[in-house]
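Student: Okay, here's the prediction I keep looking at, along with the sequence it came from:
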Amino acid sequence: MPRISRTEQEQQLMADRSPEFLEVLARGLKVIAAFDAERRQLTLSDLARIVDLPRASVRRVLITLESLGYVEADGRLFSLTPRILSLATSYLMSNTVPRVMQAIVDRLSAEAEETCSAAVLQGDEAVFVARAAPRRVIRVGEEIGYRLPVYCSAVGRVLLGQYSEAELDAYLARVPLERLTARTITDPAVLKATVVTSRSEGYALVDEEAEAGLRSIAVPVRRFDGKIVCALHFGVQVERVSIGRMHDEFLPLLRAGAAEAERLLV
């Protein structure tokens, strides 16, 4: 069997992981994750460069995925097939949170005529697991599976509220606070104070920090034991919805939706 050529990042992963860590599986998932809205079709060389793996390794991954029906080839170009959706479906169907929250975001979006979503914490990112939006030419918000940094998003700051002071300090020391817009908070002390205030008030409002022109408000959704399982939020365009309206109209809707969800989550 040929010796596996590992990147520096993979060498560090192998050093940190259990002896039972499956490197081959990790490489396969890394290749799948390379495809997105801007990279629908990729060549073998493109993939090897994006995932920083040897061409031979990527070729074996692609052959395996193609034989299983998850990837198809059109000449030199590779793309994902609809069968890849079965992996997302497995999560959505097996996890209570997306199933409960989808019905709630559907109703709240219809009531407010704005985009409503629910997101969970994964690592240092907020991942959207439920979403509903009114029919408009201009789209507000992102699709299921979209990720946002927790430090600059309303859903993220709500999810950070479950951290103890030591955990929050560790997060702030570990994660680079990049300035995504002119309004993004990048001072760790200011951000910590903002998270603590949001936790005490029971909601977070972020104004054009994650993306210029977008404003969002979020509340925590808790399990029976008080643990935050997700954040429920509205995302709007700043020129259409004022901060005052976010507080007066949208916050009560979110709190009612969170209370409904908490009765259903066990």
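Tutor: Good, I have the coordinates.
Student: buried stuff in the longest helix along the chain?
Tutor: If you go by DSSP state H, the chain has its longest helix at helix 96-112. Across helix 96-112, burial judged by 16 or more other Cβ atoms under 10 Å covers 97, 98, 100, 101, 102, 104, 105, 107, 108, 109, 112. (Glycine included, C-beta is placed from N, CA and C.)
Student: Give me the distance between the third one and residue 222.
Tutor: Which is residue 100. Counting by Cβ to Cβ, to the nearest Å, the gap between residue 100 and residue 222 amounts to 13 Å.
Student: how about the helices in the chain?
Tutor: 8-16, 23-33, 44-51, 55-68, 85-94, 96-112, 154-160, 165-174, 188-201, 243-245, 251-264.
Student: Can you lay out these as JSON lines showing mean pLDDT and distance to residue 74?
Tutor: Shown next, in JSON lines, are the helices of the chain (pLDDT from 0 to 100; distance: least, Cβ to Cβ, whole Å):
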{"stretch": "helix 8-16", "mean pLDDT": "52", "distance to residue 74": "29"}
{"stretch": "helix 23-33", "mean pLDDT": "88", "distance to residue 74": "17"}
{"stretch": "helix 44-51", "mean pLDDT": "93", "distance to residue 74": "13"}
{"stretch": "helix 55-68", "mean pLDDT": "92", "distance to residue 74": "11"}
{"stretch": "helix 85-94", "mean pLDDT": "72", "distance to residue 74": "19"}
{"stretch": "helix 96-112", "mean pLDDT": "92", "distance to residue 74": "32"}
{"stretch": "helix 154-160", "mean pLDDT": "96", "distance to residue 74": "37"}
{"stretch": "helix 165-174", "mean pLDDT": "94", "distance to residue 74": "42"}
{"stretch": "helix 188-201", "mean pLDDT": "96", "distance to residue 74": "46"}
{"stretch": "helix 243-245", "mean pLDDT": "95", "distance to residue 74": "49"}
{"stretch": "helix 251-264", "mean pLDDT": "95", "distance to residue 74": "43"}
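Student: Could you dump these into CSV with distance to residue 128 added?
Tutor: Formatted as CSV, those follow (distance: least, Cβ to Cβ, whole Å):
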stretch, distance to residue 128
helix 8-16, 26
helix 23-33, 16
helix 44-51, 23
helix 55-68, 25
helix 85-94, 12
helix 96-112, 10
helix 154-160, 8
helix 165-174, 20
helix 188-201, 19
helix 243-245, 23
helix 251-264, 15
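Student: Can you check which of those gets nearest to residue 215?
Tutor: Residue 215 sits nearest to helix 243-245 of all the helices of the chain, at 7.1 Å, using Cβ to Cβ.
Student: which residues sit in contact with the closest residue in space to residue 41 that isn't next to it in sequence?
Tutor: Distances taken as Cβ to Cβ, 6 or more residues apart in numbering put residue 77 closest to residue 41, at 4.2 Å, once the chain neighbours are dropped. Residues in contact with residue 77 (Cβ atoms under 8 Å, 6 or more residues apart in numbering) are 41, 42, 43.
Student: Ranking by neighbours, what's the top pick from those residues?
Tutor: Most neighbours among those, by other Cβ atoms under 10 Å: residue 42, with 22 neighbours.
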